[in-house]
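Participant: Here's a sequence, model it:
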Amino acid sequence: AKTFNRFGVFNYKLNRRVVGIPNKFFGGYIRGVIDADGFITVTHRKDCRTPRIRFFITHQSELYLADIQDKLSELYGLPTTLRQHGENVWRLQAQNTEQNKKFLSEIFSINLSVFNDQKYRITLNYLSKYYVLQASGELLESP
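Facilitator: Numbering: from 1, shown residues only. Next comes the predicted model:
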């Protein structure tokens, strides 16, 4: 329990912060946060060739989500927005499909023993159809 307290895990949600998580473990951490407090959605628009993939994290603590937002920007260059979603609720939104493909591909390639099956299937199904990483590291859309 003391180990978890060091990382702010056992704080009440309203007081939770991202504390002391080494950068090398942040991908696994954020994947767990998305599993617990987030959702992933795929939307089809008539004016787009490729369906959009977006993810959102909803939480009581604006500061916690701001911490996550800073880390996502610092470590992944991921653009996000943070907005109030209700009286005591905040939502972090990642809506850039191209950036999300790369980010989600990276965090969903982490081998975890516990994860949300539905979010895993949605994400891998989408990435298998619309995201191809070439050996050179160049990103290409699937044909």
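Participant: residue ranges of the strands in this protein, please?
Facilitator: Under the criterion DSSP state E, the chain contains strands at 38-43, 52-59, 81-86, 89-94, 132-133, 139-140.
Participant: so which of the ones you listed gets nearest R31?
Facilitator: Closest of the strands of the chain to R31 is strand 38-43, at 9.4 Å (criterion: CB to CB). For every residue, glycine as well, the C-beta is placed using N, CA and C.
Participant: what pairs with the closest one, and is each one parallel or antiparallel?
Facilitator: strand 52-59 (antiparallel) (DSSP bridges).
Participant: Just the buried residues of the partner strand, please?
Facilitator: The neighbour-count criterion (16 or more other CB atoms under 10 Å) identifies R52, I53, R54, F55, F56, I57, H59 as the buried residues of strand 52-59.
Participant: And the contacts of that strand?
Facilitator: Defining contact as CB atoms under 8 Å, 6 or more residues apart in numbering, one finds that strand 52-59 is touched by 13, 16, 33-34, 37-45, 65, 68, 85, 89-95, 97, 100-101, 104, 123, 126, 130.
Participant: mind saving the C-alpha coords of that strand as PDB?
Facilitator: Below are the C-alpha coordinates for strand 52-59, written out as PDB (Å, rounded to 0.1, in the frame of the first residue of the first chain):
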ATOM      1  CA  ARG A  52     -11.900   8.800 -36.900                       C
ATOM      2  CA  ILE A  53     -10.600   7.300 -33.700                       C
ATOM      3  CA  ARG A  54     -10.700   9.400 -30.500                       C
ATOM      4  CA  PHE A  55     -10.300   8.800 -26.800                       C
ATOM      5  CA  PHE A  56     -11.600  10.700 -23.800                       C
ATOM      6  CA  ILE A  57     -10.800  10.500 -20.100                       C
ATOM      7  CA  THR A  58     -13.400  11.700 -17.600                       C
ATOM      8  CA  HIS A  59     -12.500  12.500 -14.000                       C
END
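Participant: Renumber starting at 34 from here on
Facilitator: In the new numbering, first residue 34, that becomes strand 85-92.
Participant: Tell me what angle it forms with strand 114-119.
Facilitator: Relative orientation of strand 85-92 and strand 114-119, computed by axes from the mean of the first three to the mean of the last three CA atoms, to 10 degrees: 60 degrees.
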